[in-house]
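Asks: okay, predicted coordinates and the sequence, questions at the end:
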Amino acid sequence: MLDVTAVVGAPIRQGVETRAVISTHGGGAAANVASWLAVNGTPSHLIARVGDDAAGQTVIAELHKYGVEHSQTIVPGVGTGVVIVLVDALGERTMFPDSGANSGLSLADLPSLDGFTAVYLSGYPLVNPKSRDGALAILHAVRERGLTVVFDPSTVGVLLEVGLNQVREWLSLVDVVILNEEEAHFLSGKNNPVEAAAELLKLTPLVVIKRGSNGALAQSREAALVQISAVDVEVVDTTGAGDAFAAGFIQAWINKNRLLESLHNGATFAARCVATVGARPLI
């Protein structure tokens, strides 16, 4: 995806101009995770599609810069996915996504699974009806190979498009779920994040809940709940913070399977992300 980010320093008044600082960046949840992993020494391969356009050339070039391996699917006649991102004075972002060429993802986009350890799956291709069947086929294929599946369900606004029961069914197919407090409350029916984690453990073996400025917590079926505080940092833009956290957690978890260390690594990556504009690491 291509992110077009407008940092707006004043309240938006409908119907009139509002001055902003505008920039473009590579985006997309899975691409962000892959980029943070690759830059920090964990090889990654991105399954994604782009259009035959300038935006597609731009995001592919950026993947090369980060050292991310990727599929070579270019879809003619369809635009590359684009997200309009509005960032307010507090660094909070509001997004308007258009999946573009990523709609239609299928099992044909899956590379050979030899040499892979884990798979990260964003909720966006599952929610999108044009790529849902293909994403599920990919999920079942990697499960058959015994790879660890890490799932980020995506925002509640997107999840509402398919409904609570459908998403909870998907949770039963994965090994790790990484989600924020709002998503955890929606999927568990529990307002307290500790209770939400306990409820979600009935569906999946490991639950990680990102709590923004309140840190993060994690619990597995085999171990007690652990919690950490957030890293103290000046927030510029929260876009991609959850993706950076996921990358940091995955990197530590697949190597040592230590929950506390993995949470700290995720928080460190997220702090680096929110300190700059855009969802990708500075290199």
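Replies: Yes, it's here. The structure displayed is predicted, hence computed values, not measured ones.
Asks: any chance you could map the strands in this structure?
Replies: 2-8, 20-26, 45-46, 49-51, 69-70, 73-75, 82-87, 93-98, 118-122, 148-152, 176-180, 206-210, 216-220, 223-228 (DSSP state E).
Asks: quick one: work out the angle between the first one and strand 20-26.
Replies: The reference is to strand 2-8. Using axes from the mean of the first three to the mean of the last three CA atoms, to 10 degrees, the inter-axis angle of strand 2-8 relative to strand 20-26 is 160 degrees.
Asks: same for strand 2-8, what does it pack against?
Replies: For strand 2-8, the elements it packs on are strand 20-26, helix 54-66, strand 82-87, judged by 3 or more CB pairs under 8 Å, 6 or more residues apart in numbering; DSSP states H and E. Bear in mind the C-beta positions are built from the backbone N, C-alpha and C, glycine included.
Asks: using TSV, lay out those together with mean pLDDT and mean neighbour count.
Replies: Compiled in TSV, those are given as follows (pLDDT from 0 to 100; neighbours: other CB atoms under 10 Å):
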stretch	mean pLDDT	mean neighbour count
strand 20-26	91	16
helix 54-66	94	17
strand 82-87	90	20
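Asks: closest to Leu225 out of the ones you listed?
Replies: Nearest to Leu225 among the helices and strands packed on strand 2-8 is strand 82-87; the distance by CB to CB comes to 32.8 Å.
Asks: now the helices and strands packed on strand 2-8 in a markdown table, with distance to Arg280?
Replies: Output for these, formatted as a markdown table (distance: least, CB to CB, whole Å):
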| stretch | distance to Arg280 |
| --- | --- |
| strand 20-26 | 6 |
| helix 54-66 | 7 |
| strand 82-87 | 13 |
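Asks: of these, which approaches Val162 most closely?
Replies: Here strand 82-87 is closest among the helices and strands packed on strand 2-8 (CB to CB), at 19.7 Å.
Asks: now the closest one, how far from the centre of its chain.
Replies: 15 Å (CA atoms, centre = their mean, to the nearest Å).
Asks: paired strands for that strand, with orientation please.
Replies: strand 2-8 (parallel), strand 93-98 (antiparallel) (DSSP bridges).
Asks: which of the ones you listed sits most buried?
Replies: strand 2-8 (a mean of 20; mean count of other CB atoms under 10 Å).
Asks: quick check: angle from that one to helix 54-66?
Replies: Using the same axes, to 10 degrees: strand 2-8 against helix 54-66 is 90 degrees.
Asks: let's see strand 2-8 as CSV, backbone CA atoms only.
Replies: Only the C-alpha atoms of strand 2-8 are listed here, as CSV (Å, rounded to 0.1, in the frame of the first residue of the first chain):
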residue,chain,number,x,y,z
LEU,A,2,1.0,3.6,-0.5
ASP,A,3,0.3,5.9,2.5
VAL,A,4,-0.4,9.6,1.7
THR,A,5,-0.1,11.3,5.1
ALA,A,6,-1.3,14.8,6.0
VAL,A,7,-0.2,16.1,9.3
VAL,A,8,-2.8,18.7,10.3
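Asks: great, nothing more from me.
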